[in-house]
Structure formats: structure tokens, C-alpha cells
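Student: Need a 3D model of the following:
(2 chains)
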Amino acid sequence: DGGITQSPKYLFRKEGQNVTLSCEQNLNHDAMYWYRQDPGQGLRLIYYSQIVNDFQKGDIAEGYSVSREKKESFPLTVTSAQKNPTAFYLCASSIRTGGTGNTIYFGEGSWLTVV
Amino acid sequence: AQTVTQSQPEMSVQEAETVTLSCTYDTSENNYYLFWYKQPPSRQMILVIRQEAYKQQNATENRFSVNFQKAAKSFSLKISDSQLGDTAMYFCAFMDTGANSKLTFGKGITLSVRP
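Tutor: I've put the predicted structure just below:
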């Protein structure tokens, strides 16, 4: 069954801890993205990657890190430097960035709560 | 930088009636893509409809259609014969066609369909 899988669905983080959110896709998409959604807000771009071993900062990259060692995987680490990490995180992918015919598809999301 | 504005935070419509959701955007680009995404209570982001800026014809998908006014930078979504399952947050989004293109979202509108 093709799609984008995010795990875990719910995650709790203690102050000062780093946590990693997993995102895997089997759609053979080149580009992958991480968005953050706060209550009542739209989605804000954290990081995105067009190709393996390459990624770019989005609008709110501070306090986050990513890696893209495999085409299928784009994990997001929320570091202790992120002062307000409680949010809903969405991973997405597309065939390619830019160009014609490009549409972004989303995973089911992960809830992160600081306790 | 591109911006997307959804000025109505909430709307309500009676089942079977028609409702229009507004969206405006700002860009200096000539070619780009516009999207409407639906986010039901499950939080899954679902693509509703897509419009390519170089196409004058308004996109339609069953009960969903858009009114794309390029000169006015307006992109509204019309939902005909509203159904209870249409209750969700709706996000307008913009993507340019450059090599590093990404999806920029508005803050969304909460639509409630009344039985």
C-alpha cells in the first residue's frame, strides 16, 4: 500500500531532550518536506529536501535538524534548542519540486507535546 | 516572498447549500500553482483541487470548483451541495515553479456544515 508513514503518532518530550520524528515514503518521490502546525494556524515549513544528501531550511528551521540519507526517509529531530516544540508535525512528499504536475502529498502527522 | 491570506476564520453552511471560501495571494511570479487542501478532524491533509496559473479555465472536481482571478490574485473555492463530511478546515496554498519551490499556506478556515 503506497503512501507516507509518520511515526510515532504521539510523542512526549521532557525539557532538554532531543526527539526524532520518523517519515518514510514508498511513492518513489524525490522531494520531502516537514511542516509544523500550531492550533488555529496554517502550516509552516521547517525543512525540505529535493534529493538524497541535500536539504534546505524552511521558514522556521531554528531548533530543528534533518537528514536525507535515503530517498525514502526524511527524519526530523526536534532539539532542546527549540523553545516551543509542542505542535502537530506533518511530513509530505512530491515527485519533484517545481515544474509542472507537481503536487504535495501528506502523511497522517505526529503530535509532539512537551511535559 | 509569497503570501497567502484567508481572512475568514470560520464559516457555516446548511447541508445541501452552496458555500464559497475566499483566498487571496501575493506574488511577483507569472507561473505558479494554487491548491485547496481539506483537513478534517483526523488532521489528514487531503488535496481538494489544484489550479495552474497559466490555465484560464477554472478547475472543477465534482462538487468543488474554483474562481481563479489572476489579475486580482484571488482564488476562491465553491462547494456545492454541501455535505456533513465537508466539515473541516480548508487551507489555500501557493507554489511557484522554481527549482526550490515549496508550498506556502494560508491560516485556514474552519467550515461547519449544519444538518
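
Student: any low-confidence regions in the chain?
Tutor: Using chain A here. Flagging of chain A using pLDDT under 70 yields the residue ranges A:1-2, A:97-101.

Student: sorry, should have said chain B
Tutor: For chain B, the stretches with pLDDT under 70 are B:99.

Student: what are the ranges of the strands in it?
Tutor: B:3-5, B:10-14, B:19-21, B:24-26, B:32-39, B:46-52, B:60-61, B:64-69, B:74-79, B:88-96, B:103-105, B:109-114 (DSSP state E).

Student: now swap in chain A and tell me
Tutor: With DSSP E as the criterion, chain A has strands spanning A:4-7, A:10-13, A:19-25, A:31-37, A:43-51, A:54-57, A:64-66, A:76-78, A:87-94, A:105-106, A:110-114.

Student: How about the contacts made by residue B:30?
Tutor: residue B:53 (C-beta atoms under 8 Å, 6 or more residues apart in numbering or on different chains). The way it works is simple: take the backbone N, C-alpha and C, and place the C-beta from them, glycine included.

Student: Name the residues of chain B found near chain A, please.
Tutor: B:4, B:6, B:9, B:33, B:35, B:42-45, B:47, B:50, B:52, B:91, B:95-108 (C-beta under 8 Å from any C-beta of the partner chain).

Student: Give me the buried subset of the residues you listed.
Tutor: Those of the residues of chain B next to chain A that meet the buried threshold are B:4, B:6, B:33, B:35, B:43, B:45, B:50, B:91, B:95-97, B:101-108, by 16 or more other C-beta atoms under 10 Å in any protein chain shown.

Student: sorry, back to before: kindly reformat the strands of chain A as TSV containing mean neighbour count and distance to residue B:77.
Tutor: Output for the strands of chain A, formatted as TSV (neighbours: other C-beta atoms under 10 Å in any protein chain shown; distance: least, C-beta to C-beta, whole Å):
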stretch	mean neighbour count	distance to residue B:77
strand A:4-7	17	24
strand A:10-13	14	31
strand A:19-25	19	27
strand A:31-37	25	20
strand A:43-51	21	17
strand A:54-57	14	30
strand A:64-66	20	31
strand A:76-78	20	30
strand A:87-94	24	20
strand A:105-106	20	18
strand A:110-114	17	27
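
Student: of all those, which lies closest to residue B:16?
Tutor: Nearest of the strands of chain A to residue B:16, taken as C-beta to C-beta: strand A:105-106 at 29.3 Å.

Student: and the closest one, how far from the chain's centre?
Tutor: On the basis of C-alpha atoms, centre = their mean, to the nearest Å, strand A:105-106 sits 11 Å off its chain's mean C-alpha point.

Student: Check what contacts that strand and list those residues.
Tutor: So strand A:105-106 is contacted by A:3, A:4, A:27, A:29, A:90, A:91, A:92, A:93, A:94, B:44, B:45, B:47 (C-beta under 8 Å, 6+ apart).

Student: Could you report the separation of residue B:47 from residue A:54?
Tutor: To residue A:54, residue B:47 is 26 Å away according to C-beta to C-beta, to the nearest Å.

Student: ok, back up a step: in JSON lines: the strands of chain A, plus distance to residue B:58.
Tutor: Formatted as JSON lines, those follow (distance: least, C-beta to C-beta, whole Å):
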{"stretch": "strand A:4-7", "distance to residue B:58": "29"}
{"stretch": "strand A:10-13", "distance to residue B:58": "40"}
{"stretch": "strand A:19-25", "distance to residue B:58": "31"}
{"stretch": "strand A:31-37", "distance to residue B:58": "27"}
{"stretch": "strand A:43-51", "distance to residue B:58": "25"}
{"stretch": "strand A:54-57", "distance to residue B:58": "33"}
{"stretch": "strand A:64-66", "distance to residue B:58": "37"}
{"stretch": "strand A:76-78", "distance to residue B:58": "37"}
{"stretch": "strand A:87-94", "distance to residue B:58": "23"}
{"stretch": "strand A:105-106", "distance to residue B:58": "23"}
{"stretch": "strand A:110-114", "distance to residue B:58": "36"}
